[in-house]
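Enquirer: Structure for the following, please:
(2 chains)
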There are 2 protein chains.
Amino acid sequence: MEALPKNPANFAALTPLTFLHRAATVYSTRTSIIYNHNHFTWEQTHTRCRCLATALRSLLHISKNDVVSVLAPNIPAMYEMHFAVPMAGAILNTINTRLDAPTIALILHHSEAKLLFVDYQLVPLASNALRHLREAKAEPLPIIIVIEEPADATTHKNAAGGLEYEELITAGDLTAELPVITDEWDAISLNYTSGTTSAPKGVVYSHRGTYLSTLSLLLQWGMGTEPVYLWSLPMFHCNGWTFTWGIAARGGTNVCIRSTSAEDMYKAITNHGVTHMCCAPVVFNILFDSREAEDHKKKTNFAVEVLTGGAPPPASLLEKVNKMGFHVTHAYGMTEATGAALLCEWRAEWNQLPAEQRARLKARQGISILSLTEVDVKETSRLTMESVPRDGKAVGEIVLRGSSVMKGYFKNEKATAEAFRDGWFLTGDVGVVHQDGYVEIKDRIKDIIISGGENICSMEVEKVLYSYYKVLEAAVVAMPHARWGETPCAFVVVKGEVEKVTEDEILAYCGSNMPRFMVPRKVVFLEELPKNSTGKIEKNKLREMAREFKAGMVKSERSSLQGTKIKKMEKKTTAHSKQSVEKVLGMSRL
Amino acid sequence: MEALPKNPANFAALTPLTFLHRAATVYSTRTSIIYNHNHFTWEQTHTRCRCLATALRSLLHISKNDVVSVLAPNIPAMYEMHFAVPMAGAILNTINTRLDAPTIALILHHSEAKLLFVDYQLVPLASNALRHLREAKAEPLPIIIVIEEPADATTHKNAAGGLEYEELITAGDLTAELPVITDEWDAISLNYTSGTTSAPKGVVYSHRGTYLSTLSLLLQWGMGTEPVYLWSLPMFHCNGWTFTWGIAARGGTNVCIRSTSAEDMYKAITNHGVTHMCCAPVVFNILFDSREAEDHKKKTNFAVEVLTGGAPPPASLLEKVNKMGFHVTHAYGMTEATGAALLCEWRAEWNQLPAEQRARLKARQGISILSLTEVDVKETSRLTMESVPRDGKAVGEIVLRGSSVMKGYFKNEKATAEAFRDGWFLTGDVGVVHQDGYVEIKDRIKDIIISGGENICSMEVEKVLYSYYKVLEAAVVAMPHARWGETPCAFVVVKGEVEKVTEDEILAYCGSNMPRFMVPRKVVFLEELPKNSTGKIEKNKLREMAREFKAGMVKSERSSLQGTKIKKMEKKTTAHSKQSVEKVLGMSRL
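Expert: Down below sits the predicted model:
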């Protein structure tokens, strides 16, 4: 077989940017974005993105591989930047708006961001972050560009440097050439992990990886033609699980909202005929329990496909929201996998099963998306990398490979090297493979409790705790133990009055619902569990608390329990104190 | 942005072979193939393919880039070879079973096929082809392997060399290593064009191109989970428009049938709950007009998604088959585009339109599939490569670019160079772009009639002829004309008795339904139109006939018409006589 060389007609770098160009060509007059009273067509969105891209290059001297950061909720500008920034050859860095100023400063510094686009409501936060950078003498500082509310331009920009988003678009030049993506391995975006236990890591995506992820997820979620997509999931989470680009691929309509309040979501669903949305399972509470939900429960003509991830959807809510018209699909992923890695593809035969069993099946993480070549569960702790048997029992680490796995961590060779082993990406999640090939997570590796040589999955214990009717939230971590090495310690938030629950009754319930060695040695009642900016429970803080308790204690004394009962966790949404920021900044200056 | 190098965890060559591996892992017990009373699971199909691949390598010494040909209908072996042959590192060449022996000989010789797998019913045809090769002293000859009917093994193999398909699978070794695809640009298959006007050309597909085509078409046709796919489209057409690989990607069920008789198709639909099928529009006649169709018209619980292509679906049948439960989507493509290039994506707003208008919209070729970066209609005749305006009127050549375009023509530098220009693949089809971005074909470039400087699209004239109630089939070609250069000549097959139709009435009908310059100068009545092996009308033969008529004749005489009326075209399904085969073989031996 002789060589038939590549040429520009039969080989094009894979990039999601082609989705926008195509949408402007074949869906030109369809509505691309709705935001309050603003409507755009795909042709307009394409034009606006091209203008912004040319302005970034000509006015702000942005060139290939520069990082452009943005701190904004799900507004049209945030959507447009997913195309405009890479169209300029640059790399988009969306920052979690729930982070505190020191962490944002850390990200801006580590990413070497040239620009920071800031939604007008977040100007104080951004200014605060810049103050941290200035204090740490971390220069040059990124240039700030304020994104005003469309109807309400020029109110805030002067406070922060004088540049405004719409002005940039107006200044763009549609006749100017934009660089062509020739290497699909080029970076398109940089997403920092939440950094529960360490400094945030900068995950780098390629054009190729995001193109493939986008197509695969659209296919496997079954997003049909003319979707109306509600932006309930922040775009700063893995670029909106790739739907930023995916909605352009399908020529759908993006419904942008600033908050995920019940009012905003139900208004959007009613007014715009939303067909699809993504969210963390915690949003189901809002969708079901709010006043607006009560109104919607009476309506029948209502069907929204919901893709959920981040945590398994709680069985109790699945059935209820389904009856309302929210058809939930469960996906599993992580920043490093460009969002979704597994999707719990539903099987028709499961429709016959009782509701409880259906919910259990739906809560499984599922099967690989097609952009991955392989997903497996392997014995990584003993470095054998052997696959575990497909029996739903043997646990191992979930590992992935394929072109939608990240390029690596930005400026972090050590973490990159640790994330990959023997041609696999190690997720750090412990799971099983069921006989039918579906993967189910059991725990994070670092949350496993090793007690007298037995592995205890903290999530297994938590699942039992959650099933107790008085428990609202629960988290189980390792507590040091003189004899067993570690034992489980449970942190519990109760429903209603805390005085009406005792440690004894919880331990008794555990005793009759799990093997003896798994039963927690201590129960601590908290008013709330410590959570990070993405809503994940900060188990490292709980572990610190657990270490303070006397090891070897079989059962805690009532008095000490009372003491912990009233303890309210200091409310902090970051793991990084000002000191640690300066430390990191200082180090990276070396 | 520092380099983050590719590693085996984050970069895998794109290849549809991963779909089979994945299906064996996550859909292991689901039915992969049904054929008569034979059922296979995805795990079995994977195992059988691996066995066949190892046997090809160890027993038949097949290695990288060897061509393996197959001459078979839509039987399980044909499906399996789509994976097994490339798994062995080789290139699959499926041959149109309707070709005659000389053309098959030509393909075998040109492709340098090492092996030829032959369905037992086609052994005489294959033997005949080999006889041609032997006579032309074209050696070495490919080794023949017979595919017996599963229930009926070893009957025919001895007649043709002693090797049988199932024996090869049995001889396979599951523990043997198979090569890994490391370069996604490697060839996966070789598909010869039908060669209406010239010798067949060998179109080479890459692993990358087929992977991307497969995913895109699944997404844009909207093939959901658990499809049951009826193999009504021959797998030898562009690898079954990529659904050979696509059904594995979705873990669906392949329903294999030997023929597209109404009985076989309706039996499959009824017995196996078919959800999807592909076919040329001509199959709609079978689906609607047969005795079996009459039975099915009474049933209501019946819904099959049908993807059609090769020719625009006839409006008259669309509505009728839709009412029966066949929901038709129209795609446009060609061998060189790995099957589908455009798909007529339906828009909800069109549902409100009258049936006739809906049919006209559905007959348009549509919008690009996502594996292409761009589709355009350009002025290629004057080499300007300018895009035509999107007005539904200005005609130009349809051009494509993107990673699902073929690598090129095998051993045919000249044709490859001609097919590509300025970074585009030239389809040779003339079309328009409508305001909404949808492309519609007007003609093949070479079928355009240039009359007194005016371009006449033969398809436009044919469309009018088809709309006349007495016309069953029509084809219009250029006839030399002393004054105008060319004028249209119509060849018509009538419904019912030919004596009841006159040239005058047809010309009168044309006169009141098209501009004067487009009206044919002559009408020739034929019993049937000459067609090639893929069912395409052989206009080159009609052009030859038209050249024989006296040029400049304003209206043909009745007597000469009567002469042509009874003329029956010599029934030949090939453009290649034995002589031409020997000529080509002789040439390629030089």
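Enquirer: The longest helix belonging to chain A - contacts with which helices or strands?
Expert: Of all the segments of type helix in chain A, defined by DSSP state H, the longest one is helix A:42-58. With contacts defined as 3 or more C-beta pairs under 8 Å, 6 or more residues apart in numbering or on different chains; DSSP states H and E, helix A:42-58 has these neighbours: helix A:17-26, strand A:31-35, helix A:76-87, helix A:165-171. Any C-beta I mention is one placed from the backbone N, CA and C, and that applies to glycine too.
Enquirer: List the buried residues in the longest one.
Expert: If I follow you right, that is helix A:76-87. A:P76, A:A77, A:M78, A:Y79, A:E80, A:M81, A:H82, A:F83, A:A84, A:V85, A:P86, A:M87 (16 or more other C-beta atoms under 10 Å in any protein chain shown).
Enquirer: Output the residues you listed as JSON lines; include the columns distance to A:I269.
Expert: Listed next are these as JSON lines, based on distance: C-beta to C-beta, whole Å:
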{"residue": "A:P76", "distance to A:I269": "19"}
{"residue": "A:A77", "distance to A:I269": "23"}
{"residue": "A:M78", "distance to A:I269": "20"}
{"residue": "A:Y79", "distance to A:I269": "19"}
{"residue": "A:E80", "distance to A:I269": "23"}
{"residue": "A:M81", "distance to A:I269": "26"}
{"residue": "A:H82", "distance to A:I269": "23"}
{"residue": "A:F83", "distance to A:I269": "26"}
{"residue": "A:A84", "distance to A:I269": "28"}
{"residue": "A:V85", "distance to A:I269": "30"}
{"residue": "A:P86", "distance to A:I269": "31"}
{"residue": "A:M87", "distance to A:I269": "32"}
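Enquirer: Tell me which two of those residues sit farthest apart.
Expert: Pairwise distances across the buried residues of helix A:76-87 (C-beta to C-beta) peak at 17.2 Å, for the pair A:P76 and A:P86.
Enquirer: So which bits of stretch A:237-250 are buried?
Expert: For stretch A:237-250, a neighbour-count test (16+ other C-beta under 10 Å) marks A:237-250 as buried.
Enquirer: What is the nearest of those residues to chain B?
Expert: A:A249 (5.9 Å; C-beta to the nearest C-beta).
Enquirer: is it true that the closest one touches B:L370?
Expert: Yes: between A:A249 and B:L370 there is a contact under C-beta atoms under 8 Å: 5.9 Å.
Enquirer: Identify the contacts common to these two.
Expert: A:F19, A:R22, A:L215 (C-beta atoms under 8 Å, 6 or more residues apart in numbering or on different chains).
Enquirer: For chain B, state which of those residues is nearest.
Expert: The shortest gap between chain B and any of those belongs to A:L215, at 5.4 Å (C-beta to the nearest C-beta).
Enquirer: Tell me the secondary structure at that closest one.
Expert: Classification of A:L215 using DSSP: H, G, I helix; E, B strand; the rest coil returns helix.
Enquirer: still on that earlier bit, which of the shared contacts of A:A249 and B:L370 tops the neighbour count?
Expert: A:L215 (28 neighbours; other C-beta atoms under 10 Å in any protein chain shown).
Enquirer: Can you tell me the closest non-neighbouring residue to that residue?
Expert: Nearest non-adjacent residue to A:L215, counting by C-beta to C-beta, 6 or more residues apart in numbering or on different chains: B:L215, 5.4 Å away.
Enquirer: Would you mind listing the residues in contact with the one you found?
Expert: Counting by C-beta under 8 Å, 6+ apart, B:L215 makes contact with A:L215, A:S216, A:L219, A:L370, B:A249, B:S371.
Enquirer: so what's the residue lying closest to A:F236 once chain neighbours are set aside up against?
Expert: Leaving aside its sequence neighbours, A:F236 sits nearest to A:T94 (C-beta to C-beta, 6+ apart; 3.9 Å). Shown in contact with A:T94 (C-beta under 8 Å, 6+ apart): A:S69, A:V70, A:A72, A:M78, A:M81, A:S189, A:N191, A:M235, A:F236, A:N239.
Enquirer: related to what we said a few turns ago, what's next to the longest helix of chain A, contact-wise?
Expert: By C-beta under 8 Å, 6+ apart, the list of residues contacting helix A:42-58 reads A:20-21, A:23-24, A:27-30, A:32-33, A:40, A:62-63, A:68, A:79-81, A:83-85, A:87-90, A:115, A:165, A:168-174, A:176, A:178, A:248, A:251.
Enquirer: and whichever helix or strand comes after that helix, which strands flank it?
Expert: For helix A:42-58, the following helix or strand on the C-terminal side (DSSP states H and E) is strand A:67-71. When pairing is defined by DSSP bridges, strand A:67-71 lines up against strand A:91-94 (parallel), strand A:115-119 (parallel).
Enquirer: tell me the angle of strand A:67-71 relative to helix A:76-87?
Expert: Interaxial angle of strand A:67-71 relative to helix A:76-87 (axes from the mean of the first three to the mean of the last three C-alpha atoms, to 10 degrees): 170 degrees.
Enquirer: Save the shared contacts of A:A249 and B:L370 as a markdown table, and put in pLDDT too.
Expert: Output for these, formatted as a markdown table (pLDDT from 0 to 100):
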| residue | pLDDT |
| --- | --- |
| A:F19 | 98 |
| A:R22 | 97 |
| A:L215 | 98 |
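Enquirer: For the stretch 51-200 of chain A, which residues are neighbours of chain B?
Expert: Taking C-beta under 8 Å from any C-beta of the partner chain as the criterion, the stretch 51-200 of chain A approaches chain B at residues A:N65, A:V67, A:I91, A:W185, A:A187.
Enquirer: List the contacts of the spatially most central residue of chain A.
Expert: Nearest to the mean C-alpha position of chain A, counting by C-alpha atoms, centre = their mean, stands A:H237 at 4.2 Å. Under the criterion of C-beta under 8 Å, 6+ apart, the contact partners of A:H237 comprise A:N96, A:G339, A:T534.
Enquirer: Tell me which of the residues you listed fall in strands.
Expert: Per DSSP state E, strands hold the following members of those: A:G339.
Enquirer: For the contacts of A:H237, please prepare a markdown table with the additional fields pLDDT and neighbour count.
Expert: A markdown table is the format used below for the contacts of A:H237 (pLDDT from 0 to 100; neighbours: other C-beta atoms under 10 Å in any protein chain shown):
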| residue | pLDDT | neighbour count |
| --- | --- | --- |
| A:N96 | 94 | 22 |
| A:G339 | 95 | 28 |
| A:T534 | 70 | 18 |
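Enquirer: Return the member of the contacts of A:H237 nearest to A:P5.
Expert: Of all the contacts of A:H237, A:G339 has the smallest distance to A:P5: 34.6 Å, by C-beta to C-beta.
Enquirer: for the closest one, what are its contacts?
Expert: Going by C-beta under 8 Å, 6+ apart, A:G339 touches A:S213, A:L217, A:H237, A:C238, A:N239, A:W241, A:T242, A:A331, A:G333.
Enquirer: again, only using 7 Å
Expert: Residues near A:G339 by C-beta atoms under 7 Å, 6 or more residues apart in numbering or on different chains: A:S213, A:L217, A:C238, A:W241, A:T242, A:G333.
Enquirer: For the third one, grab phi and psi.
Expert: Per-residue torsions, A:C238: phi 50, psi 40 (degrees, to the nearest 10).
Enquirer: what's the nearest residue to it if we skip its chain neighbours?
Expert: Leaving aside its chain neighbours, A:C238 sits nearest to A:G339 (3.9 Å; criterion: C-beta to C-beta, 6+ apart).
Enquirer: Could you check the pLDDT of the residue lying closest to A:T534 once chain neighbours are set aside?
Expert: In space, and not counting its chain neighbours, A:T534 is closest to A:S194: 4.6 Å by C-beta to C-beta, 6+ apart. pLDDT recorded at A:S194 is 73.
Enquirer: mind checking how far A:S194 is from A:A478?
Expert: Noted for A:S194: a distance of 21 Å to A:A478, by C-beta to C-beta, to the nearest Å.
Enquirer: Which parts of the stretch 101-250 of chain A are strands?
Expert: A:115-119, A:143-147, A:187-192, A:202-206, A:228-230 (DSSP state E, counting those that start in this stretch).
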